[in-house]
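Participant: What follows is a protein structure lacking sequence information:
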């Protein structure tokens, strides 16, 4: 397999067309097109689907692209290391759900980054984007969250994409609300108690094969007439801290975050839905020492707060 052809394929995928890629690479279009066809022939797969809208990645091409980007990045690191005499930089990348126990683990993990060059990526997002980041954007790890009722959807998707998965945690959501919320001092909170108030929800849930509105409906346990959908976890906590009519369903939150934000955390006996957090990575990916340290901190945080 020709590494130059691999570089060409990555650029075509990025540009979305042979024409645009040829301008960036300064390679004639016929030569670039021939290189892509030779690469596909060598591998015995179809990387691109030629459409009126341009060059679209096939499922096989999407999988190949993840490997190709990793290989090209590693080649760059090797070249840099031996040409400059510098050790390769420390790298760590992960996409995660918006969860306080995971954020706590990451904060503790940051203390183990050695002095010297380091490149660390921590992306809070939904399950679809976490999977996409591994397949297309060179992320090494991901944690996806889903309701247990969607287990077969996600495991089928992960198997199809060639990803390994391992259970991190299984839990029920708890209620978080302002310490001045009218229900904050109530010993037992039920769904009907919550209906007059404002529910804050994640704005971008995702389940394969289901439309977004169906997933949002599944996620809503309480029939509230007022909903606020927020993407950023920091924005959600600001709303909870400043508006005593709001509440939110979350994985259990560390006590220090609750007290610092003047919030309270309550269980709801009506809530029986189980959620799962799964650690995902490519089947051929081997954990680095930095990865292993994060997993250690993640397990410590899980045992402490969930």
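Facilitator: Cool, the structure landed. From a predicted model like this one, the values you see are computed outputs, not experimental measurements.
Participant: Scan the protein for its longest helix.
Facilitator: Of all segments of type helix in the chain, defined using DSSP state H, the longest is helix 59-84.
Participant: Do me a favour and average the pLDDT over that helix.
Facilitator: Computed over helix 59-84, the mean pLDDT rounds to 80.
Participant: Okay, buried residues for that helix please.
Facilitator: Neighbour-count burial for helix 59-84, counted by 16 or more other C-beta atoms under 10 Å, picks out 61-66, 68-70. Heads up, the C-betas are built off the backbone N, CA and C, glycines and all.
Participant: got the buried residues for stretch 179-186?
Facilitator: 181, 183-184.
Participant: got the end-to-end distance for it?
Facilitator: Stretch 179-186 has its terminal residues 11 Å apart, counting by C-alpha to C-alpha, to the nearest Å.
Participant: quick one: contacts of that stretch?
Facilitator: 177-178, 189, 193-194, 197, 244-247, 262-264, 266 (C-beta atoms under 8 Å, 6 or more residues apart in numbering).
Participant: Helices of the stretch 51-200 of the chain, start to end?
Facilitator: Residue ranges of the helices in the stretch 51-200 of the chain, as given by DSSP state H, counting those that start in this stretch, are 59-84, 100-109, 127-136, 151-160, 191-194.
Participant: Dump these to a markdown table, plus distance to residue 166.
Facilitator: Output for those, formatted as a markdown table (distance: least, C-beta to C-beta, whole Å):
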| stretch | distance to residue 166 |
| --- | --- |
| helix 59-84 | 19 |
| helix 100-109 | 15 |
| helix 127-136 | 14 |
| helix 151-160 | 11 |
| helix 191-194 | 33 |
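Participant: looking at the ones you listed, which is closest to residue 303?
Facilitator: helix 100-109 (9.8 Å; C-beta to C-beta).
Participant: Enumerate the positions of that closest one that are buried.
Facilitator: In helix 100-109, counting by 16+ other C-beta under 10 Å, buried: 100-106, 108-109.
Participant: Which single one of those residues is nearest to residue 258?
Facilitator: Distances from residue 258 to the buried residues of helix 100-109, taken as C-beta to C-beta, are shortest for residue 100 (9.0 Å).
Participant: The residue nearest to that closest one when sequence neighbours are not counted: neighbour count?
Facilitator: Of all residues not flanking residue 100 in the chain, residue 253 sits nearest, at 4.4 Å (C-beta to C-beta, 6 or more residues apart in numbering). The local packing of residue 253 (other C-beta atoms under 10 Å) involves 21 other residues.
Participant: how far is the longest helix of the chain from where the chain is centred?
Facilitator: Using C-alpha atoms, centre = their mean, to the nearest Å, the mean C-alpha position of helix 59-84 is found 21 Å from that of the whole chain.
Participant: the inter-axis angle of it versus helix 151-160?
Facilitator: Relative orientation of helix 59-84 versus helix 151-160 (axes from the mean of the first three to the mean of the last three C-alpha atoms, to 10 degrees): 60 degrees.
Participant: now for helix 59-84, which elements pack on it?
Facilitator: Contacts defined by 3 or more C-beta pairs under 8 Å, 6 or more residues apart in numbering; DSSP states H and E place helix 59-84 against helix 3-15, helix 127-136, strand 274-282.
Participant: could these be laid out in CSV, adding mean pLDDT and mean neighbour count?
Facilitator: Converted to CSV, the helices and strands packed on helix 59-84 look like this (pLDDT from 0 to 100; neighbours: other C-beta atoms under 10 Å):
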stretch, mean pLDDT, mean neighbour count
helix 3-15, 90, 19
helix 127-136, 90, 21
strand 274-282, 96, 20
